[in-house]
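Enquirer: the following block contains a protein sequence and its predicted model.
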Amino acid sequence: MKKFLVFCFLALGLSSFSQVYFRNLVYNRKTAFLNVRGIGPSMALNYSLNYEWLFRDYGVKQGVGGGIGFSPNLLNPNKPLTFTAGMDYVGFWLHRYHHIEWGAGAWFRYETYKKTLTGSSTIITTNPADTVVVPKTYVFSSKTLGPFFVGRLGYRYQDPNGGLVLRAAWTPLFYLMNTTKESLDGQLISTIKMPFTMKMMYFSVSVGYNFY
């Protein structure tokens with residue numbers, strides 16, 4: 001019985017010590033990382049370079065960051081070329097190296113798309129009377145502008161002494177007041193205002209470096 005009580009007191013003491021120890025660890029404030037976000041297993045839809053600064057570097061760590069993103073369309077020319085920029089809030093807490101991470105961000109996107117279409121035009125001549133079909137090419141283009149918001153919930157690996165940072169998270173997207181303008185040969189043909197849209201099945205992975 002005495003051994004059991006001693007064991008309980010030691011376990012309780014070690015637990016309290018570890019909680020205080022981990023809570024009071026001071027982490028490096030600055031992190032630069034590459035973030036890759038996509039739908040489901042197709043992670044390579046949007047790449048972004050981000051910088052993060054912790055305004056609270058102990059206990060429940062909290063920080064703000066910003067970045068610029070780019071979605072290339074090299075593998076699929078029928079997809080638009082996308083540029084993004086924005087800012088995020090992030091928090092993480094749990095263990096010395098392994099953390100639960102959460103956050104939210106406000107971003108802005110610019111998408112551009114252009115495609116050459118082939119067609120024909122019919123010309124009726126009067127002298128002599130005839131019908132001539134003339135090949136013609138059209139250039140279709142579209143541009144999309146608007147804000148979107150990003151949520152974050154996931155796992156974060158980070159050493160308080162700095163170095164490698166790994167992150168994996170669920171990052172749902174919420175689009176608000178995005179507008180698409182479509183043109184044909186430089187002439188505006190339509191303006192489409194996208195209603196509030198949610199894309200829930202988005203995930204991201206990040207690799208970065210943490211320093212003081």
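Expert: It's in.
Enquirer: can you tell me, leaving aside adjacent residues, what's nearest to the residue most central in space within the chain?
Expert: For the chain, the residue sitting closest to the mean C-alpha position, by C-alpha atoms, centre = their mean, is R37 at 5.1 Å. Distance criterion C-beta to C-beta, 6 or more residues apart in numbering; nearest residue to R37, sequence neighbours excluded, is S204 at 4.0 Å. C-beta here means a position set from N, CA and C on the backbone, and glycine is covered the same way.
Enquirer: now F203
Expert: Closest residue to F203 apart from its sequence neighbours, by C-beta to C-beta, 6+ apart: W170 at 5.7 Å.
Enquirer: continuing past the helix or strand where V134 lies, what's the next helix or strand?
Expert: Using DSSP states H and E, V134 maps to strand 129-158. Using DSSP H and E, the helix or strand that follows strand 129-158 in sequence is strand 163-170.
Enquirer: who touches the residue nearest to R37 in this structure?
Expert: S204 is in contact with N35, V36, R37, G38, M43, R152, G154, R167, A168, A169, T171, counting by C-beta atoms under 8 Å, 6 or more residues apart in numbering.
Enquirer: just the pLDDT for it.
Expert: Looking at S204, its pLDDT is 94.
Enquirer: before we move on, what about L75?
Expert: If you check L75, the pLDDT there is 67.
Enquirer: any idea which element the residue nearest to the centre of the chain lies in?
Expert: Applying DSSP H and E, one finds R37 within strand 30-39.
Enquirer: neighbouring strands for the helix or strand just after that strand, and are they parallel or not?
Expert: Counting by DSSP H and E, the next helix or strand C-terminal to strand 30-39 is strand 42-56. Using DSSP bridges, the neighbouring strands of strand 42-56 in the sheet come out as strand 30-39 (antiparallel), strand 61-71 (antiparallel).
Enquirer: give the buried residues for strand 42-56.
Expert: L45, N46, Y47, S48, N50, E52, L54 (16 or more other C-beta atoms under 10 Å).
Enquirer: try stretch 53-68
Expert: By neighbour count with 16+ other C-beta under 10 Å, stretch 53-68 contains the buried residues L54, D57, K61, G63, G65, G66, G67.
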